[in-house]
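> How does the following fold in three dimensions:
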Amino acid sequence: MANYPSDGGAGSNGRRQHPPSGPSANRWLPPLDEDTPRRHTDPPPRTRSGVGSSAGEKVTVTRAAAQRSREMGNKMYDLVHRAATADGADKSGLTALTWPVVASSAVDAAMAVALANTLFFAAASGESKGKVALYLLITIAPFAVIAPLIGPALDRLQHGRRVALAMSFALRTVLAVVLIANYDGATGSYPSWVLYPCALGMMVLSKSFSVLRSAVTPRVLPPTIDLVRVNSRLTMFSLLGGTMAGGAIAAGAEYLLNMAELPGALYVLVAVTVAGAVLSMRIPKWVEVTAGEVPTTLSYHGGGTEVLRRPATQRQPLGRNIITSLWGNCTIKAMVGFLFLYPAFVAKSHGDGGWEQLRILGLIGAAAGIGNFVGNFTAARLKLGRPSLLVTRAAIAVTVMALAAAVFGNLLVAALATLVTSGASAIAKASLDASLQDDLPEKSRASAFGRSESLLQLAWVLGGATGVLIYPQLWIGFTTITAVLIIGLAQTLVSYNGGSLIPGFGGNRPVLAATEGGPVAASSGRR
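You can find the predicted model right below:
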């Protein structure tokens, strides 16, 4: 393994070591033949031809430019195709999962463009506190109730994960069509009774896709790379191909079609959701195999040795390192959610005109993008030997930067805090993935990834809600979020040292927890 070794004998640190079985530790994969014949979906081999070489055509500036454009397009396609299929990803099914992930990020970017003025900015001014409360009540609060239910629902979902992924796109298509049908071209807005429920639906479906994707990813793991690199690869494709490219296309369509009083970004959104639904059904069928899975649980009851407290079905508690990494990641994710919404409100409330608003959003957005890219690039190359310690340090760094932004109340310091938060979030998430891969048996990893992603999304909602409620002045907002981060950091530090501020949900458990429930023999001899 390239980052966090999980094969070989038992290490001195007591972590679980998984003996390799054949060419890959992924038991869901069928035998991967090296000499697989070319499929009809693969691009045909290309032949080189000179400009105007066919039928002796006369070379013109237009034809030369068109030929050069085709050559650049072919090179770009080859580059993307090689990156998406590297390390056997095309045979394991990772490539098939990559494209729906890119499509989901593009949908989120297009939705943000479509609703930028009507949803994110309309309720941001200081005199519109009633709209802020309505926005929070209708969008964020319901999702805070729904998010904890997504993980347990996944554990009960049998032989339908591809369909669930496709349905998350199909339902977003329906919501986008409803918004288009109720668009007021004269004012460029939507009725509130349509806008807010559709915004809630889009948020829930987007976060549900993220949870589903996390549960599917361990099943398409290529034989030669680990989960840390796989998730980093998916994040990079999502950022570059989905958020940046998809957002740029949606912004261009919104600008052009606004002249005809049409919601251009929503038309892009509909096209991408339809493509995403089709691509989701092309993920290999072996992601549906659920035989032998043991769901994970956040609580811990002393290893299941007390018969009276043993549940009827088997559950796999998460170990100390994983719980510590979860608390640290949730702390950082709250800051990420805060930074996603709060700068928009600060920019809108700024009275110096549109260029000043653009400067604020541009600086924060650029810092977030650079930090995300650097963080994922670094995480893919780090040796994550002690992931819980790395997550704890990342949470400390984010909290310190939030405190600095609160003290100085300066835009540059806020941008620096955004840069550090984005990078720390990527590194902390990679560390959590490493803990889940190494400290859990293979039969519980899919459930653990789904549960952990649900918690991270809920933490994001908490941070976003903080950004919506707080008065749009930098030092006030960062002071409030710093108070939230200090609580999360305290629980992270206590969990790392083997204690807990919340009984049953902290680090007062072994690194490798035994399975609870089921027959008594099922949990004996695990450690």
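> can we go C-alpha only for contacts and neighbour counts from here?
OK.
> Distance check, the spatially most central residue of the chain against Ile249.
In the chain, the centroid-proximal residue (C-alpha atoms, centre = their mean) is Ser210; its distance is 5.6 Å. Distance of Ser210 to Ile249, given as C-alpha to C-alpha, to the nearest Å: 22 Å.
> What is the strand or helix carrying Leu361 packed up against?
Using DSSP states H and E, Leu361 sits within helix 354-379. Counting contacts by 3 or more C-alpha pairs under 8 Å, 6 or more residues apart in numbering; DSSP states H and E, helix 354-379 is packed against helix 227-237, helix 320-349, helix 411-439.
> hmm, back to that, if I look at the residue nearest to the residue nearest to the centre of the chain when sequence neighbours are not counted, how far off is Arg63?
Distances taken as C-alpha to C-alpha, 6 or more residues apart in numbering place Glu453 nearest to Ser210, at 7.2 Å, with adjacent residues excluded. Look at Glu453 and Arg63: by C-alpha to C-alpha, they are 50 Å apart.
> which residues touch the spatially closest residue to Tyr471 that is not a sequence neighbour?
Nearest residue to Tyr471 in three dimensions, chain neighbours excluded: Gly477, at 6.7 Å (C-alpha to C-alpha, 6+ apart). Neighbouring residues of Gly477 by C-alpha atoms under 8 Å, 6 or more residues apart in numbering: 342, 406, 467, 470-471.
> Kindly report the same for Val294.
Contacts of Val294 by C-alpha under 8 Å, 6+ apart are 314-316, 443-444, 447.
> Which of the helices or strands spans it?
Short version: Val294 belongs to no helix or strand, going by DSSP H and E.
> Nearest residue to it in space, please, no chain neighbours.
Leaving aside its chain neighbours, Val294 sits nearest to Ser444 (5.1 Å; criterion: C-alpha to C-alpha, 6+ apart).
> before we move on, back to that, columns distance to Ala459, mean neighbour count and mean pLDDT on top of the helices and strands packed on helix 354-379, output as JSON lines?
JSON lines is the format used below for these (distance: least, C-alpha to C-alpha, whole Å; neighbours: other C-alpha atoms under 10 Å; pLDDT from 0 to 100):
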{"stretch": "helix 227-237", "distance to Ala459": "19", "mean neighbour count": "22", "mean pLDDT": "80"}
{"stretch": "helix 320-349", "distance to Ala459": "5", "mean neighbour count": "27", "mean pLDDT": "86"}
{"stretch": "helix 411-439", "distance to Ala459": "12", "mean neighbour count": "26", "mean pLDDT": "89"}
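> The residue nearest to Ser210 and Ser208 touch, don't they?
No - at 9.3 Å, Glu453 and Ser208 do not qualify as touching, with contact defined as C-alpha atoms under 8 Å.
> So which bits of the strand or helix carrying Val272 are buried?
Using DSSP H and E, Val272 falls within helix 264-280. Neighbour-count burial for helix 264-280 flags 264-270, 272-280 (criterion: 16 or more other C-alpha atoms under 10 Å).
> Can you give the contact residues for it?
96-97, 99-100, 103-104, 106-107, 110-111, 113-114, 162-163, 165-170, 172-173, 176-177, 180, 249-251, 253-258.
> Try it again at 6 Å.
100, 103, 107, 110, 114, 162, 166, 169, 173, 250, 253-254, 257 (C-alpha atoms under 6 Å, 6 or more residues apart in numbering).
> Burial check on the closest residue to Gly247 other than its chain neighbours, number of neighbours?
In this structure, Gly247 finds its nearest non-sequential neighbour in Ala109, 4.8 Å apart by C-alpha to C-alpha, 6+ apart. The local packing of Ala109 (other C-alpha atoms under 10 Å) involves 23 other residues.
> Same check on Val461?
Neighbour tally, Val461, other C-alpha under 10 Å: 23.
> again with Lys75
12.
> did I read that right, it in a helix?
Yes - counting by DSSP: H, G, I helix; E, B strand; the rest coil, Lys75 is located in a helix.
> and the gap between it and His81?
Lys75 sits 10 Å away from His81, going by C-alpha to C-alpha.
> residues in contact with Gly241?
Here Gly241 is in contact with Val102 (C-alpha under 6 Å, 6+ apart).
> mind listing what Ala110 touches?
Counting by C-alpha under 6 Å, 6+ apart, Ala110 touches 247, 250, 265, 269.
> go on, Ala406?
475, 478-479.
> Could you point out which of the residues you listed is nearest to Ala426?
Of all the contacts of Ala406, Ala426 sits closest to Phe478, with 21.1 Å by C-alpha to C-alpha.
> What residues sit buried inside the one helix or strand that closest one maps to?
Using DSSP H and E, Phe478 sits within helix 474-496. By 16+ other C-alpha under 10 Å, the buried positions in helix 474-496 come out as 474-482, 484-486, 488-496.
> just the angle between that helix and helix 320-349, please?
180 degrees (axes from the mean of the first three to the mean of the last three C-alpha atoms, to 10 degrees).
> on that earlier part again, rebuild the contacts of Gly477 as JSON lines, extending it with distance to Leu382.
Below are the contacts of Gly477 laid out as JSON lines (distance: C-alpha to C-alpha, whole Å):
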{"residue": "Tyr342", "distance to Leu382": "32"}
{"residue": "Ala406", "distance to Leu382": "31"}
{"residue": "Gly467", "distance to Leu382": "32"}
{"residue": "Ile470", "distance to Leu382": "37"}
{"residue": "Tyr471", "distance to Leu382": "39"}
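> pLDDT score assigned to the residue nearest to Val294?
Note for Ser444: predicted pLDDT of 78.
> Enumerate every residue touching it.
Counted by C-alpha under 6 Å, 6+ apart, Ser444 has contacts 293-295.
> export those residues to a markdown table and tack on distance to Leu389 and pLDDT?
Converted to a markdown table, the contacts of Ser444 look like this (distance: C-alpha to C-alpha, whole Å; pLDDT from 0 to 100):
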| residue | distance to Leu389 | pLDDT |
| --- | --- | --- |
| Glu293 | 29 | 70 |
| Val294 | 27 | 76 |
| Pro295 | 26 | 75 |
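> related to what we said a few turns ago, any idea which of the contacts of Ala406 is closest to Ala199?
Phe478 (26.0 Å).
> what about the closest residue to the closest one other than its chain neighbours, which helix or strand?
In space, and not counting its chain neighbours, Phe478 is closest to Ala406: 4.7 Å by C-alpha to C-alpha, 6+ apart. Here Ala406, judged by DSSP H and E, is contained in helix 387-408.
> what angle separates that helix from helix 411-439?
Going by the same axes, to 10 degrees, helix 387-408 makes 170 degrees with helix 411-439.
> export helix 387-408 as CSV, just CAs?
Only the C-alpha atoms of helix 387-408 are listed here, as CSV (Å, rounded to 0.1, in the frame of the first residue of the first chain):
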residue,chain,number,x,y,z
PRO,A,387,-3.9,9.0,11.4
SER,A,388,-5.7,10.0,14.6
LEU,A,389,-2.8,12.2,15.7
LEU,A,390,-2.7,13.8,12.3
VAL,A,391,-6.5,14.5,12.5
THR,A,392,-6.1,16.0,16.0
ARG,A,393,-3.3,18.3,14.7
ALA,A,394,-5.4,19.4,11.8
ALA,A,395,-8.3,20.2,14.1
ILE,A,396,-6.0,22.3,16.3
ALA,A,397,-4.7,24.2,13.2
VAL,A,398,-8.2,25.0,12.0
THR,A,399,-9.4,26.1,15.5
VAL,A,400,-6.3,28.4,15.9
MET,A,401,-6.9,30.0,12.5
ALA,A,402,-10.6,30.6,13.3
LEU,A,403,-9.5,32.3,16.5
ALA,A,404,-7.0,34.4,14.6
ALA,A,405,-9.7,35.5,12.2
ALA,A,406,-11.9,36.4,15.1
VAL,A,407,-9.2,38.4,16.8
PHE,A,408,-8.2,40.4,13.7
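> Which positions within that helix qualify as buried?
Buried residues in helix 387-408 (16+ other C-alpha under 10 Å): 387-406.
> where does Leu79 land in three-state SS?
Reduced to three states by three-state DSSP, Leu79 is helix.
> Any figure for the gap between it and Thr378?
21 Å.
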